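**Q** next input, structure requested:
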Amino acid sequence: MDHSPGFLKLVAEVTPRVREIDNQAALDRSRSGEAVLIDVREESEWAAGHAAGAIYLGRGIIERDIEKRFPDPATPIICYCGGGFRSALVTDNLQKMGYTNALSMKGGFTGW
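**A** Below you'll find the predicted structure:
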């Protein structure tokens, strides 16, 4: 994907603050029930295919709805998108909201 320089700059700013998890560890934690796997891509991307066991809370609504779905800020959450950039942005926001166990899946769905 050809990302704009401004978007890449924004991602580069948040990446040092965001804890990431590799694809295999995310899969293992999701399958074992140790973490909630959240797909933050666009609804059309979700409809075209998503990780088994994932739930959909797109980037446009997750900050609005996360506390309703997961009121405990200690809930282990793994966010993923297509390549790991949007999920890093979302994870940064979740951390700012007090979610202490929020992770971003490095490499995203395409790396899965």
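**Q** which helix or strand contains the residue lying closest to residue 73 once chain neighbours are set aside?
**A** Among residues not flanking residue 73 along the chain, residue 98 sits closest, at 4.3 Å (Cβ to Cβ, 6 or more residues apart in numbering). (Glycine included, C-beta is placed from N, CA and C.) Residue 98 is part of no helix or strand, with elements assigned from DSSP states H and E.
**Q** now residue 98: how far from residue 57?
**A** Counting by Cβ to Cβ, to the nearest Å, the gap from residue 98 to residue 57 is 17 Å.
**Q** then residue 105?
**A** Applying Cβ to Cβ to residue 105 and residue 57 gives a distance of 14 Å.
**Q** equivalent analysis for residue 14, please.
**A** Looking at residue 14 against residue 57, where the rule is Cβ to Cβ, the gap reads 18 Å.
**Q** look at those two and report which has more neighbours.
**A** When residue 14 is set against residue 57 and neighbours are counted by other Cβ atoms under 10 Å, the residue ahead is residue 57, at 23 against 18.
**Q** list the contacts for the nearest residue to the more buried one once chain neighbours are set aside?
**A** Residue nearest to residue 57 in three dimensions, not counting chain neighbours: residue 38, with 5.2 Å by Cβ to Cβ, 6+ apart. Residues in contact with residue 38, defined by Cβ atoms under 8 Å, 6 or more residues apart in numbering, are 54-57, 62, 77-80.
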